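**Student:** sequence unknown, structure follows:
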């Protein structure tokens, strides 16, 4: 490999628009040694381990887990600012 990081670094090419934040969060979670991943994310990471970056991006865009995950953070209400 050119960089030597592919064996232990999760990197996915963004293949769909408006997925920047989702991909950034997934990259942080999947690359952190201090985050304990749940079963579903661990399975996703293992499933995509041998994929190239573009195929990982496609896996993210086609993942029901990612597409249907409810947002856990909401924007602050304007009347409380």
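**Tutor:** Here it is on my side, so go on. Quick caveat: nothing in here was measured; it's all calculated off a predicted structure. Residues are numbered from 1 along each chain as shown.

**Student:** where does the chain have its least confident helix or strand?
**Tutor:** For the chain, counting by mean pLDDT, DSSP states H and E, helix 64-68 ranks last in confidence among helices and strands (a mean of 79).

**Student:** hmm, who's touching that one?
**Tutor:** With contacts defined as C-beta atoms under 8 Å, 6 or more residues apart in numbering, helix 64-68 is touched by 22, 26, 40, 41, 44, 60, 61. For glycine as for every other residue, the C-beta is placed from the backbone atoms N, C-alpha and C.

**Student:** Next, count neighbours for the fifth one.
**Tutor:** One way to gauge burial is a neighbour count; for residue 44, by other C-beta atoms under 10 Å, it gives 21.

**Student:** Quickly find the element holding it.
**Tutor:** Assigned by DSSP states H and E, residue 44 falls within helix 39-48.

**Student:** Which strands or helices does that helix pack on?
**Tutor:** On a contact count with 3 or more C-beta pairs under 8 Å, 6 or more residues apart in numbering; DSSP states H and E, helix 39-48 meets helix 20-31, helix 53-61, helix 64-68.

**Student:** which residues touch the residue nearest to residue 10 when sequence neighbours are not counted?
**Tutor:** Nearest residue to residue 10, sequence neighbours excluded (C-beta to C-beta, 6 or more residues apart in numbering): residue 30, at 4.0 Å. Contact analysis of residue 30 by C-beta under 8 Å, 6+ apart lists 10, 37, 41, 45.
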